[in-house]
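In: sequence plus the predicted model coming up.
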Amino acid sequence: MPHSPSGHTTAPPRPQPGSFPRPPQARLLLVWLLGLCTLSWPGCKSTLDNLDVSNIMGPAGRRAKQAAEDAQGGRQVAELEGHAEFEEAKAEFDAHQFAEARKKLQKIVKRYKDKPIEEDAMFYRAEADYRLEKYAKAQDEYEELLKKHPSSRYLETSTQRLYDIALGWLGYPKNAAEVELAHFAKAGSEHGIDSNPDTQIPAEVWFPINVANRRKPIFDPEGRALECLRSVWMNDPTGPLADDALLMHAVHRLRSGDYIEADRDFATIREQYADREVAMAAYVLGAHASLLAYQGAHYDGKQLEEARQLTESALRLFPEAPQKKKLENDLARIDSELANRDWEIGEYHRRRGEKSAAAFYYESLVKTTPESQRALAAKEKLVQLGPDHAAGLLPKPIYETEVVTVAAEQEDPEVPAKATIRQKTAPRPQ
């Protein structure tokens, strides 16, 4: 019972007429029933039914719209609200008085929000900050413009600016064709790329705080640069810079050692830009990233399997590629890693007494890499396990053979015996 401040017990308040309390379960059930009735009521529409996509256009649509406007004598900008103020700011911009123009353009953006003149003012405001080398502000303003006007007639110029800003913040790195692909075209080049100075990320790029260069953001210039590249690709995926921006993003991740993210970017390039020049780089460098992402036999082997598939695809799709030798060497390395992986997993299950599981991995090893050094040892293990645990992966069961220990020819007793495989006379199990 509740207590009053004086310590005396007080009775709980009585419910008023017409205000009977409902348990929480009843309230939830009532809300659910009302929502169900609303959705099922004839003529009811979802939020997607009112989604307006009429103003979203691709490059061809934007060009057609512009041509139609030009044929009709332009957009009749003199009739737009705020036109006089915009022309005044534009005159100062054309006179290279960017600071003064920027102030007026900012006022126009605020005063004429959602009006036709807003798009022009937003673009030239960003242009003014770009000319003033206030690139962090310009980035925000270009992205704000493209978010508010996704089919803006300034789209190509805005994405070009964002691409240039990203390159500047990343230190104008050399592209993959000049560095990675050129390196891998040399004989025996599957290793040693890390020693190339052009693959090193400068400290002023990856260091999270910038206090020396006023053209860069104060915080996380590297992350902001990558945002610019993503914005180019996402806002204009069919534009001329989309594939280059995504490739630059992927290569930077690769050089930073972020192999998982690099692999994802290369996969996106292969899916969306298979008909462009960047496709070969996406296969060669994507296979390289997948191989580097593999962490060893004790970790997930998905990356290793993907590296094998990509390497084989690159060799099949680009048989004359200068990186062919590197790809072939990588394929041999991947086979060796796959054999080691199956061996380690098989040994793990054998030590745990899980003989059928161990036999599965031993057979997988013999089937996929029969010429590897691990294959002979795996066959010996299979003979020891016997046919009762056969996994059935091999076309010819290995259990028809037996391991015979042959004494070493050396006189030194400490030299271990050699193991050979001899054929048994017993028939194959039916």
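Out: Sure thing, it's come through.

In: buried residues in the helix or strand hosting A121?
Out: Per DSSP states H and E: A121 is located in helix 117-131. Buried residues in helix 117-131, counting neighbours by 16 or more other CB atoms under 10 Å, are found at 117-130. To be clear about C-beta, it is placed using only N, CA and C from the backbone, and glycine gets the same treatment.

In: mind listing what T159 touches?
Out: Residues in contact with T159 (CB atoms under 8 Å, 6 or more residues apart in numbering) are L146, S231, V232, N235, D236, G239, L241, A245.

In: how close does it sit to L304?
Out: Using CB to CB, to the nearest Å, one obtains 37 Å as the distance from T159 to L304.

In: may I have the host helix or strand of D244 exported as CSV, CA atoms only?
Out: If you go by DSSP H and E, D244 is part of helix 242-256. Taking Å, rounded to 0.1, in the frame of the first residue of the first chain, the C-alpha atoms of helix 242-256 are listed here in CSV:
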residue,chain,number,x,y,z
ALA,A,242,31.9,6.1,-61.7
ASP,A,243,34.2,3.1,-62.5
ASP,A,244,37.4,5.2,-62.0
ALA,A,245,36.2,6.4,-58.7
LEU,A,246,35.3,2.9,-57.5
LEU,A,247,38.6,1.5,-58.7
MET,A,248,40.5,4.2,-56.9
HIS,A,249,38.6,3.5,-53.8
ALA,A,250,39.4,-0.3,-54.1
VAL,A,251,43.1,0.3,-54.8
HIS,A,252,43.4,2.6,-51.8
ARG,A,253,41.9,-0.1,-49.6
LEU,A,254,44.2,-2.6,-51.1
ARG,A,255,47.3,-0.4,-50.4
SER,A,256,46.0,0.2,-46.9
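
In: and it, what does it pack against?
Out: helix 155-169, helix 221-235, helix 259-272, helix 278-293 (3 or more CB pairs under 8 Å, 6 or more residues apart in numbering; DSSP states H and E).

In: tilt between the third one and helix 221-235?
Out: With axes from the mean of the first three to the mean of the last three CA atoms, to 10 degrees as the basis, helix 259-272 and helix 221-235 are set at 20 degrees to each other.

In: got the domain ranges for the chain?
Out: 81-132, 150-335, 352-400 (automatic domain parsing).

In: count of neighbours near F318?
Out: Here the number of neighbours of F318 (other CB atoms under 10 Å) works out to 16.

In: ok, now which ones touch it?
Out: Contacts for F318 (CB under 8 Å, 6+ apart) come out as M280, Y283, V284, K324.
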